[in-house]
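have a look at this prediction, sequence included:
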Amino acid sequence: MQRLNVKQTQIRECIEKSLFAVDRLPPLQKGEILLLQLVKFEALQLGKLHSRIEFALLYDHYEVDHTGEISRQHWPMAGKTWRYILFCSGTIPTIPFSLEDLPLSTDYGGRTNPRTVSPKDEILILHYIWGKMTGYDLRDEFGPSLVRETIVNYDVIVEREKPRKIIVPEHEEFYRDPLLAESLKSIYDHRCQVCGMNFKIKYQEPFAETHHIHSLSKGGLDISKNIIVICPNHHRIIHKTDAKFDKTKLLYKYPNGLEERLLLSDHFGKKSFWV
Ligand SMILES: [Zn+2]
């Protein structure tokens with residue numbers, strides 16, 4: 001794991017293109033996690049001192065930028081070029097956090113880029129990386145509002161991708177991230193966003209489904225803004241009647257004219273800082 005210091009003007013390209021640029025190259029392993037950390041004085045200005053890290057890259061390979069062309073292409077306003085470009089296989093969200101807030105063995109401050117994180121400290125940091133924890137574990141550890149922010153950042157990454165198809169024997173399906181669905185359910189405590197039905201209280205069984213508002217087979221994305229946590233009754237009747245969702249009014253409209261406004265809509269309408 002490496003810590004990368006990034007300026008706000010450069011971070012967006014890093015997140016969107018899964019790229020980074022450095023002048024010094026430590027030994028890097030394919031698949032290694034690179035933490036994108038906002039430089040301290042900017043974090044201070046933006047009120048993000050306790051959320052300097054919100055994304056990480058998965059290292060793949062590097063190229064030497066002999067002429068500076070790649071640097072200029074991606075960071076035209078930086079006023080400098082870098083020796084190495086790190087190409088990563090993907091960008092993943094993290095629970096927003098800052099290294100300074102963790103009980104680490106050393107201070108990872110300073111301008112050194114990249115800075116290698118010790119294996120002992122890496123164990124503490126891994127909790128914050130998307131995919132290491134999910135659903136109630138994630139919510140109990142970090143609280144619903146941090147999980148909501150993480151999910152919104154997750155949308156930022158996925159929105160620039162095309163829906164991914166996966167081929168399973170027999171038929172074709174669209175990829176769904178099970179962690180996203182489970183994390184959304186945990187935010188609502190498995191209650192139906194339409195009627196508030198809570199199976200957990202009545203039957204001691206957390207029981208909820210997730211529904212893609214704009215279906216994946218018709219080009220909808222597997223992002224939180226396109227997903228609703230719903231009870232099985234509402235899930236079936238929405239499919240059966242082909243009810244339409246009104247994103248502005250946050251309600252379902254059925255063909256007979258009935259409208260049902262969402263009782264719970266916490267994760268809609270929250271915008272990421274990064275878009
Ligand atoms: Zn319901």
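Here it is on my side, so go on.

show me what the helix or strand harbouring residue 185 is packed up against.
Applying DSSP states H and E as the criterion places residue 185 in helix 178-187. Packing contacts for helix 178-187, counted by 3 or more CB pairs under 8 Å, 6 or more residues apart in numbering; DSSP states H and E, involve helix 135-142, helix 144-158, strand 209-212, strand 227-230. Yep, even glycine has a C-beta here, placed from its N, CA and C like the rest.

tell me how far the third one lies from the chain's centre.
Chain-centre distance of strand 209-212: 18 Å, with CA atoms, centre = their mean, to the nearest Å.

each with direction, which strands does that strand pair with?
Strand 209-212 has the following strand partners under DSSP bridges: strand 227-230 (antiparallel).

list the contacts of the partner strand.
The set of residues external to strand 227-230 that reach it, using CB atoms under 8 Å, 6 or more residues apart in numbering, is 180-181, 184-185, 187-188, 190-194, 208-213, 238, 245, 262, 264.

if you average pLDDT over that strand, what comes out?
Averaged over strand 227-230, pLDDT sits at 96.

near the ion too, which of the contacts of strand 227-230?
Intersecting the contacts of strand 227-230 with the surroundings of the ion, defined as CB under 5 Å from the ion, gives 192, 194.

among the contacts of strand 227-230, name the buried ones.
180-181, 184-185, 187-188, 190-194, 208-212, 238, 245, 262, 264 (16 or more other CB atoms under 10 Å).

Three-state assignment for residue 217, please.
Under DSSP: H, G, I helix; E, B strand; the rest coil, the three-state class of residue 217 is helix.

ignore what I typed, I meant residue 239.
On the three-state scheme (three-state DSSP), residue 239 is labelled helix.

list the buried residues in stretch 233-253.
Applying 16+ other CB under 10 Å to stretch 233-253 flags 234-235, 237-238, 243, 245, 250-252 as buried.

ok so, going back, point out the most buried one among the helices and strands packed on helix 178-187.
strand 227-230 (a mean of 26; mean count of other CB atoms under 10 Å).

kindly export that strand (C-alpha atoms) in PDB.
Coordinates of each C-alpha in strand 227-230 appear next as PDB, following Å, rounded to 0.1, in the frame of the first residue of the first chain:
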ATOM      1  CA  ILE A 227     -31.400   1.700  -6.600                       C
ATOM      2  CA  ILE A 228     -34.200   1.600  -4.100                       C
ATOM      3  CA  VAL A 229     -34.500  -0.600  -1.000                       C
ATOM      4  CA  ILE A 230     -37.900  -2.200  -1.100                       C
END
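
quick one: residue 111 from residue 39, how far?
Counting by CB to CB, to the nearest Å, the separation of residue 111 from residue 39 is 9 Å.

give me the domain ranges for the chain.
Domain ranges of the chain: 2-132, 137-261, per automatic domain parsing.

lowest mean pLDDT across those domains, which one is that?
With a mean of 87, domain 137-261 has the lowest mean pLDDT of these.

how far does that one stretch from start to finish?
Here the two ends of domain 137-261 are set 30 Å apart, with distance taken as CA to CA, to the nearest Å.

then stretch 201-221?
Distance across stretch 201-221, first residue to last, is 32 Å (CA to CA).

list the buried residues in that stretch.
For stretch 201-221, burial by neighbour count (16+ other CB under 10 Å) applies to 206-212, 216, 221.

re earlier: for the helix holding residue 185, C-alpha coordinates in PDB please.
C-alpha atoms of helix 178-187 as PDB (Å, rounded to 0.1, in the frame of the first residue of the first chain):
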ATOM      1  CA  PRO A 178     -23.700  -7.100  -3.900                       C
ATOM      2  CA  LEU A 179     -21.800  -4.800  -1.500                       C
ATOM      3  CA  LEU A 180     -23.600  -1.800  -2.800                       C
ATOM      4  CA  ALA A 181     -27.100  -3.400  -2.300                       C
ATOM      5  CA  GLU A 182     -26.200  -4.700   1.200                       C
ATOM      6  CA  SER A 183     -24.800  -1.300   2.200                       C
ATOM      7  CA  LEU A 184     -27.900   0.500   1.000                       C
ATOM      8  CA  LYS A 185     -30.100  -1.900   3.000                       C
ATOM      9  CA  SER A 186     -28.100  -1.300   6.100                       C
ATOM     10  CA  ILE A 187     -28.600   2.500   5.800                       C
END
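
mind giving me the packing neighbours of the following helix or strand past it?
Sequence order places helix 199-203 as the next helix or strand after helix 178-187, per DSSP H and E. Counting contacts by 3+ CB pairs under 8 Å, 6+ apart, helix 199-203 is packed against no other helix or strand.
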